[in-house]
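Q: Mind looking at a prediction? Sequence and model below.
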Amino acid sequence: MCDTCGCGDTNHVTIRKPIQEHDHHSDPTDQQEHGHTTINLEQDILSENNRLAERNRGYFEAKEWFVINLVSSPGSGKTTLLEQTIPLLQGTLSVGVIEGDQQTMRDAARIEQTGAAVVQINTGTGCHLDAQMVRNAVNELDLQSPSLVFIENVGNLICPALFDLGEAHKVVIISVTEGDDKPYKYPTMFAAADICIINKTDLCPHVDFDLEKCMEAARSVNHHLKFFPLSAKTGEGLEDWLEWLKMPR
Ligand SMILES: Nc1nc2c(ncn2[C@@H]2O[C@H](COP(=O)(O)OP(=O)(O)OP(=O)(O)O)[C@@H](O)[C@H]2O)c(=O)[nH]1
Ligand SMILES: [Mg+2]
């Protein structure tokens, strides 16, 4: 629950307090079961968004738009990945991009350089995109049918997990500088995604990041996740991601 915007499913807000200092567990998921006090707050404020997202989904299907929602912490490399990906799709797929940021047109300006149709949503104080914003934005994109549409969500590993935009897939990006335990700490995002890109692998020799541990952590919350470790900077590992994008659907 983000208490600045009031977004989020507050059904399961939990406040935890360790009971005994020596009561430590090696498995982080185990700590949810032992040694903590839990308070649940009940409220559902997402139903309207879910309704609009379903409407978007039907609209996208009718238009033959394959829509991907890119979600990650700020700076994981969403825009860089798009800058690398879009030129490599040229001639195979028509591409549109919806950019989400609190402020500025910076990411839209970067995407514009690739030649793809782009529209920027600025959310002001908002920390996520919602289904209505996306519907308004696609109306501004002059897209062919079929098209591949990337939505770059606001950089935030929490709130965007809860907001269905009508996309076909959520793709979560984690970069190796963030630490391999993040799927344990932000499980909602990894549970909501179908694809997990592990970016900045070129930096692996310089940081304490264990790729296998990260994938194990992500699988512990979502065993269906498909992984693409890659470097958006060097292009290493991009082929598998491109192949997945081009797969007939
Ligand atoms: N070394 C390395 N740097 C990268 C890679 N991908 C992105 N970066 C750098 O990481 C920084 C952030 O990249 P962005 O693409 O702007 O990240 P973002 O996720 O779009 O950021 P927000 O939109 O602000 O959330 C930039 O300095 C990029 O050059 C990578 O694969 N390797
Ligand atoms: Mg960006």
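A: Happy to help now that I have it. Ligands and ions are numbered 1, 2, ... in the order given.

Q: T80: what's it in contact with?
A: With contacts defined as Cβ atoms under 8 Å, 6 or more residues apart in numbering, the neighbours of T80 are N199, A232, K233. (C-beta placed from N, C-alpha, C; glycine too.)

Q: residue contacts, K246?
A: If you count contacts by Cβ under 8 Å, 6+ apart, K246 has them with L89, T92, L93.

Q: hmm, I was thinking of V221
A: Residues in contact with V221, defined by Cβ under 8 Å, 6+ apart, are P183, Y184, P187, F190, A191.

Q: Now do E61 against R55, distance only.
A: E61 sits at a distance of 11 Å from R55 (criterion: Cβ to Cβ, to the nearest Å).

Q: Using CSV, write down the CA coordinates of the longest helix belonging to the chain.
A: Selection of the longest helix in the chain by residue count, based on DSSP state H, yields helix 47-63. What follows is helix 47-63, C-alpha atoms only, in CSV (Å, rounded to 0.1, in the frame of the first residue of the first chain):
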residue,chain,number,x,y,z
SER,A,47,-12.3,-3.1,-8.7
GLU,A,48,-12.9,-0.1,-11.0
ASN,A,49,-9.4,-0.3,-12.4
ASN,A,50,-9.9,-4.0,-13.1
ARG,A,51,-13.1,-3.3,-14.9
LEU,A,52,-11.4,-0.7,-17.2
ALA,A,53,-8.4,-3.0,-17.7
GLU,A,54,-10.7,-5.8,-19.0
ARG,A,55,-12.2,-3.3,-21.4
ASN,A,56,-8.7,-2.3,-22.6
ARG,A,57,-7.9,-6.0,-23.0
GLY,A,58,-10.8,-6.5,-25.3
TYR,A,59,-10.0,-3.4,-27.3
PHE,A,60,-6.4,-4.4,-27.7
GLU,A,61,-7.4,-7.8,-28.9
ALA,A,62,-9.8,-6.4,-31.4
LYS,A,63,-7.1,-4.1,-32.7
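
Q: Go ahead and name everything in contact with it.
A: The contact list for helix 47-63 (Cβ under 8 Å, 6+ apart) reads 66-67, 130-132, 134-135, 138, 143, 145-147, 149, 163-168.

Q: please redo it, this time with the cut-off set to 10 Å
A: For helix 47-63, the external contacting residues (Cβ atoms under 10 Å, 6 or more residues apart in numbering) are 7, 9, 44, 46, 65-67, 128, 130-135, 138, 143-147, 149, 162-168.

Q: hang on, the earlier thing: in PyMOL, how would I select the buried members of the contacts of T80?
A: Only the buried members of the contacts of T80 enter the following PyMOL selection, criterion being 16 or more other Cβ atoms under 10 Å:
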select buried, resi 199+232
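
Q: can you pull the contacts of the residue in the chain that ligand 2 sits nearest to?
A: Using Cβ to the ion, T79 is the residue of the chain that sits closest to ligand 2, at 3.3 Å. When contacts are counted by Cβ under 10 Å, 6+ apart, T79 touches L70, V97, E99, D101, R106, D107, A108, R110, I111, E152, G155, A232.

Q: One more: R219?
A: With contacts defined as Cβ under 10 Å, 6+ apart, R219 is in contact with P183, F190, C196, L225, F227.

Q: Give me the buried entries from the residues you listed.
A: Buried, going by 16+ other Cβ under 10 Å: P183, F190, C196, L225, out of the contacts of R219.

Q: All set now, cheers.
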